[in-house]
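*Asks:* Starting from these lines, generate the structure:
(chains A and B)
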Amino acid sequence: SQKIEQNSEALNIQEGKTATLTCNYTNYSPAYLQWYRQDPGRGPVFLLLIRENEKEKRKERLKVTFDTTLKQSLFHITASQPADSATYLCALEHDYKLSFGAGTTVTVRA
Amino acid sequence: EPEVTQTPSHQVTQMGQEVILRCVPISNHLYFYWYRQILGQKVEFLVSFYNNEISEKSEIFDDQFSVERPDGSNFTLKIRSTKLEDSAMYFCASSELPGNYGYTFGSGTRLTVV
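*Replies:* Numbers count the residues shown, from 1 in each chain, chains lettered A, B, ... in the order given. So this is what the prediction gives:
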């Protein structure tokens, strides 16, 4: 069966440190992988998209890698701030829809 | 920045009643979606809509569900006879060409079936 697994439900880090989140998938062949941020009671907000032929993508303090051999994406938040506290969702794009992982909740301590 | 607008933000309905959730996608987007999120669970795909027809639907999207784009701006989700297990947050989303851009989600409608 198809699965998208984000390996930590929760991640607590000190302000200024780098948060690294993992997304693993099985039985998908996605052309694209996306990361979203979700705050409580709100809709997901798009952060980054990475294509299967791209190894790495950056946007400000965010970095995403995509390894189609390992079937894994890593999402990094560098120089983390308390405002980065949220749930981060990995999503695979296939057949003109997104399938989401369960998310990792990041808490950044001041 | 353009937004996807959803109304109402909260809806309480009695079991067996019909509900219509409304969405105004971003005007130049071509693809429209409904997702739902049961409290504490992951975001689940319901249906995608392109060129005035359903392009993909999930197992959740059974005969009790329907979608419509009644005019050039609105996109609606109708649940014909609500069940307790339909209680969830329903998100509308829209996108330009999939794969080149992310999806823009609305703030959601919290549906409570009593």
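*Asks:* make it CA atoms for all contacts and neighbour counts henceforth
*Replies:* Fine.
*Asks:* Show me what residue A:67 bridges to in the sheet.
*Replies:* Beta bridges link residue A:67 to residue A:72 when assigned by DSSP bridges.
*Asks:* Pretty sure it sits against residue A:53.
*Replies:* No. Using C-alpha atoms under 8 Å, residue A:67 is not in contact with residue A:53; the gap is 9.1 Å.
*Asks:* neighbour count winner among those two?
*Replies:* residue A:67 (15 against 11; other C-alpha atoms under 10 Å in any protein chain shown).
*Asks:* Okay, now the unreliable bits of chain A?
*Replies:* Of all residues in chain A, none has pLDDT under 70.
*Asks:* Tell me the residues of chain A that contact chain B?
*Replies:* Contacts of chain A with chain B, taken as C-alpha under 8 Å from any C-alpha of the partner chain, map to A:31-32, A:34, A:41-49, A:51, A:93, A:95-103.
*Asks:* Just the buried ones from those residues?
*Replies:* A:32, A:34, A:43-49, A:51, A:93, A:97-103 (16 or more other C-alpha atoms under 10 Å in any protein chain shown).
*Asks:* Those residues in strands, which ones?
*Replies:* A:32, A:34, A:45-49, A:51, A:93, A:97-100 (DSSP state E).
*Asks:* Which two among those are spaced furthest apart?
*Replies:* Spatial extent of those (C-alpha to C-alpha) is set by the pair A:45 and A:51 at 18.5 Å.
*Asks:* buried set for stretch B:36-46?
*Replies:* Buried residues in stretch B:36-46 (16+ other C-alpha under 10 Å): B:36-38, B:43-46.
*Asks:* Can you tell me which of these is closest to residue B:90?
*Replies:* Once C-alpha to C-alpha is applied, the member of these that ends up nearest residue B:90 is residue B:36, at 4.3 Å.
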